[in-house]
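# predicted coordinates and the sequence they were generated for:
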Number of protein chains: 2
Amino acid sequence: MDLEPKQNIRLCVDAVVFGYTAKESISVLLIKRTIPPFMHRWALPGGFVIDGETLEEAVTRELETEAGVHINYLEQLYTFGQPERDPRGRIISIAYFGLVNPTNFKLAASSDAEDANWFDIKKLPDLAFDHSAIVETAIKRLRAKIRYEPIGFELLDQKFPISDLEKLYETVLDRPIDRRNFQKKINHLGILAGHNEKQKHPSAGRPAKLYSFNEERYFQLKKEGISFEI
Amino acid sequence: MDLEPKQNIRLCVDAVVFGYTAKESISVLLIKRTIPPFMHRWALPGGFVIDGETLEEAVTRELETEAGVHINYLEQLYTFGQPERDPRGRIISIAYFGLVNPTNFKLAASSDAEDANWFDIKKLPDLAFDHSAIVETAIKRLRAKIRYEPIGFELLDQKFPISDLEKLYETVLDRPIDRRNFQKKINHLGILAGHNEKQKHPSAGRPAKLYSFNEERYFQLKKEGISFEI
């Protein structure tokens, strides 16, 4: 609570949008910068907050103008405020993150970005600013988050074999899981409903039983929190 | 990634410092404002970030100048950015939080605050700005946090009966816990070392066995994360 000092700090938002499909690994949405600093380098979509808009509106707007995608369920990740993080001066970034199915989004680089694309998180190019550190923080948060929140609703097909859900957890955690134990815990949560229906085109072996999420229970647990040790 | 627009947004930090002692409930550190807006109202310690300092330096400095306390292990809580949250204009607050033992701190209101004090979180006065919402967010985070991080090291005596640790969990969660189950889970974590020593002045009943934290294991698990369902 000071008198009001002159402040020369500006405010940006950045978005870490992770993509996941059952066929691939985890990727992150990047745009190629058209202006300095870091011109022609890949970076997270983001930009300056406009005076009257909320932080969420700012990040939604930047994703639309830079990558042509509308994503409105991002959550706040962390605020990055190291004095040297931006060569243009003191610029603080409030980072948001989310996990989407990239097949639902058609990317379109606009005037603000010369290119927009998904990159495997294990093969990222050199990123502008401190964006590598922001991506790393987001990956850690994502890994922690699946231990206290159900995951998969927006990512898997409407009906899926339980192996698709296992694969999602293995991909996010980046390690194998004990499948029998996993199924026991998932059943215990009560978020899946089984169907009298099997896979039509199994990639290998016999067609597996199909499941879908029990939406009501899923979103109730997302709100209440779970404790899921795998 | 825009050209650089003129931005009329300023940046504050605010601190939610929770206090806990085995004898009392959970309290929060508040200061009484000496300047408008919300003059003479209770508020979280905080203020404008100075251009060259990190966000952590800013919140540490504000705690020192407003309440006379030095606390350097706060963590970032959330950034509050609603356009109408401050009547002085667009001011965004990056909130930090922590949990300390208030008996280790001697409060001293300075020129920046006419008073500084601990308030039971169940009996808070009307707070300035959106500080009630910030406190509420911090309480929720604290409750969630004790499920994936050990707690108590800075709060309990060096040697304590296990009932003190139970009481801490019950106070943070604001509900009774199953003590037998709790002790089993705490033992499983391996963060406690038992001593051949008993309480000297038990408040009731027979003197209880004393424990202390296994520091190495405690801080290892704080880093790695736990999954503690109670």
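Happy to help now that I have it.

# quick check: which ranges of chain A have low pLDDT?
Applying pLDDT under 70 to chain A flags the ranges A:1-4, A:111.

# residues touching A:Leu156, list them.
Taking CB atoms under 8 Å, 6 or more residues apart in numbering or on different chains, we find A:Leu156 in contact with A:Ala22, A:Asp164, A:Leu165, A:Leu168. C-betas here are computed from N, CA, C, even on glycine.

# what is the burial count for the closest residue in space to A:Gln158 that isn't next to it in sequence?
Excluding the flanking residues, the one nearest A:Gln158 by CB to CB, 6 or more residues apart in numbering or on different chains is A:Ser212, at 5.9 Å. Residues within reach of A:Ser212, counting by other CB atoms under 10 Å in any protein chain shown, total 18.

# wait, A:Ser212 sits on A:Ile162?
No - if you go by CB atoms under 8 Å, A:Ser212 and A:Ile162 don't touch, sitting 11.0 Å apart.

# do the helix or strand containing A:Glu114 and chain B come into contact?
Assigned by DSSP states H and E, A:Glu114 falls within strand A:113-120. Yes - Strand A:113-120 lies within reach of chain B by CB under 8 Å from any CB of the partner chain, at A:Ala113.

# overlap in contacts of A:Ser212 and A:Ile162?
Both A:Ser212 and A:Ile162 are in contact with A:Leu192, where contact means CB under 8 Å, 6+ apart.

# on that earlier part again, for the residue nearest to A:Gln158, give me phi and psi.
Dihedral pair for A:Ser212: phi -140, psi 170, per degrees, to the nearest 10.

# what's the spacing between it and A:Ala116?
Separation of A:Ser212 from A:Ala116 (CB to CB, to the nearest Å): 32 Å.

# residues in contact with the nearest residue to A:Asn101 once chain neighbours are set aside?
Nearest residue to A:Asn101, sequence neighbours excluded (CB to CB, 6+ apart): A:Leu155, at 5.1 Å. Listed by CB under 8 Å, 6+ apart, the contact partners of A:Leu155 are A:Tyr20, A:Thr21, A:Leu99, A:Val100, A:Asn101, A:Leu168.

# quick one, which of these are buried?
A:Tyr20, A:Thr21, A:Leu99, A:Val100, A:Leu168 (16 or more other CB atoms under 10 Å in any protein chain shown).

# how about those, which pair is most distant?
Using CB to CB, the pair of those lying farthest apart is A:Val100 and A:Leu168, separated by 12.9 Å.

# find the residues that touch each one of these two.
Here A:Val100 and A:Leu168 share the contacting residues A:Tyr20, A:Leu155, scored by CB under 8 Å, 6+ apart.

# quick one: buried residues of the helix ranked longest in chain A?
When chain A is parsed with DSSP state H, its longest helix is helix A:131-145. Of the residues in helix A:131-145, A:His131, A:Ile134, A:Val135, A:Thr137, A:Ala138, A:Ile139, A:Leu142 count as buried by neighbour count, 16+ other CB under 10 Å.

# which helix or strand contains A:Lys167?
Following DSSP H and E, one finds A:Lys167 within helix A:162-173.
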